[in-house]
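In: next comes the sequence, and after it the predicted model I'd like to discuss.
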Amino acid sequence: MMIATRIFGNVQKATVAVRAYTTSGNITVPITTPYETHLLDESQLPTQTETNKDELLDYFKTMTYIRRIETASDNLYKAKFIRGFCHLYIGQEAVAVGAKAALKPVDHMITAYRDHAHQIVCGDSGERILAELMGRVTGCSRGKGGSMHMYLPEKGFWGGHGIVGAQGPLGTGIAFGCKYRKTGGVCLTFYGDGAANQGQIFEAYNMAKLWKLPVVYVCENNRYGMGTSVSRAAAHGNFYKRGEYIPGIKIDGMDVFAVREGTRFAANYAREHGPIIMEMNTYRYQGHSMSDPGTTYRTRDEVNSMRQNSDPISYVKGLLLKNGFQTEEEIKAIERTIREKVDQETEAAKNAPYPGVEEFAQDILLNYEGTVRGADLGITYKVTKHN
């Protein structure tokens, strides 16, 4: 099923105009920026791919929905409905959407703290995400995880993680589980350019290569860490070559089709041969987190140039218009429908209750009575199964 349909139904029903489309069937789109490879033959990767109206609409709706959720999160944080940390994905939407589009139902994903989009593409609702951001009990982690700790394990998403780079070994372990159980699945393990310098990432590389684990390491290189550029923080900025003994691919992370086809190749490679690294060259329009204005280490002109010339949503919108799949009026109707839906989800999340005191002991001990290391705590934990 298409990602957008899973998330919020057929928003196309909300369009006012109904017309006969002049173009139907598949169209060919180029991979606008050629892949660069390490320990791989570049000719193995495609220079173009095919798509159609339904796919284009799906990607457009899903990326637009992610951006509206993130914009709502920005506003809620500034209004002090959201406390603590909050890292937005605005500008990077093509990475999560394109990667998910290439995966099979048996596959898995795990990422760091910039995790709202991954939760969405795996099928969760904006209302549950916004509720979690505001610490409400209807949130995807029952209001106890916040922005950095969202999960959807029943759909193969094993979370955002707040410790920089810690998801690297975890994703490697998930891949080990796939191989041990012979499920045929792979694990996409996402991390940022800052986390690429963490020691545990290299330890994970080593184990994955030794055991030929089906893991795809995905470095989302958005060009800036927390307050500084990649060139100032990384002695070796070609992250797709960082594995040395592990193959790698550099991908234009602003092109959803380059991401999709690159991920499809990498996932299939990992199923058969073991670990591979993908570096997604992408860009965040916002600061590193809500406490970072994002303008002290780069110029506003640079950000505006990326918005105008490389925006992933505008690219897909342009394909819809160019090929006669949608009119400007129909596009505006879709955008309006998504905006109204996110507004409704925001209000519902704001009105949801906070967790009760009974939640303090939940998800810590399971059906346990007695002593802990010889100490009688005098407490019996009653566990309620969460739906």
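Out: Right, received. Where do you want to start?

In: below-threshold pLDDT in this structure: ranges please.
Out: 1, 3, 5-24, 365-372, 374-387 (pLDDT under 70).

In: could you pull out the helices for it?
Out: 3-8, 53-78, 93-101, 116-121, 126-133, 167-181, 199-211, 230-233, 256-273, 300-310, 312-322, 328-350 (DSSP state H).

In: how about the contacts made by the spatially most central residue of the chain?
Out: Compute the mean C-alpha point of the chain, and by CA atoms, centre = their mean the closest residue is residue 118, 3.1 Å away. Contacts for residue 118 (CB atoms under 8 Å, 6 or more residues apart in numbering) come out as 96, 100, 109, 111, 150, 157, 160, 190. (Each C-beta comes from the backbone N, C-alpha and C, glycine too.)

In: most neighbours among those, which one?
Out: residue 96 (33 neighbours; other CB atoms under 10 Å).

In: and of the contacts of residue 118, the nearest to residue 261?
Out: residue 100 (13.5 Å; CB to CB).

In: so what's that closest one up against?
Out: So residue 100 contacts 3, 109, 118, 121, 122 (CB under 8 Å, 6+ apart).

In: need the max-distance pair from those residues.
Out: Farthest apart among the contacts of residue 100 - using CB to CB - are 3 and 109, which lie 13.0 Å from each other.

In: go ahead and confirm residue 166 touches residue 201.
Out: No - here residue 166 does not reach residue 201: they are 9.7 Å apart, not a contact under CB atoms under 8 Å.

In: which of those two has more neighbours?
Out: Taking other CB under 10 Å, residue 166 and residue 201 do not tie; residue 201 has more neighbours (25 against 17).

In: ok, and the closest non-adjacent residue to that one?
Out: Computed as CB to CB, 6 or more residues apart in numbering, the closest residue to residue 201 that is not its neighbour in sequence is residue 168, at 4.5 Å.

In: the one you found: neighbour count?
Out: 28.

In: that one and residue 207 touch, don't they?
Out: No - counting by CB under 8 Å, residue 168 stays clear of residue 207, with 10.3 Å between them.

In: so residue 194 versus residue 204, what's the distance?
Out: 16 Å (CB to CB, to the nearest Å).

In: with neighbour numbers in mind, choose between these two.
Out: For the pair residue 194 and residue 204, the greater number of neighbours falls to residue 204 (26 against 21), based on other CB under 10 Å.

In: OK, contacts around that one?
Out: So residue 204 contacts 168, 169, 171, 172, 189, 215, 217 (CB under 8 Å, 6+ apart).

In: would you quantify the distance from it to residue 219?
Out: 13 Å.

In: how about residue 178?
Out: 21 Å.

In: which one of these two has more residues nearby?
Out: With neighbours defined as other CB under 10 Å, residue 178 and residue 219 compare such that residue 219 has more, 25 against 22.

In: with adjacent residues omitted, what lies nearest to the more buried one?
Out: Using CB to CB, 6+ apart, the closest residue to residue 219 is residue 239 (4.3 Å).

In: burial count for that neighbour?
Out: Residue 239 has 27 nearby residues by other CB under 10 Å.

In: please tell me I have it right and it contacts residue 278.
Out: No - using CB under 8 Å, residue 239 is not in contact with residue 278, being 9.2 Å away.
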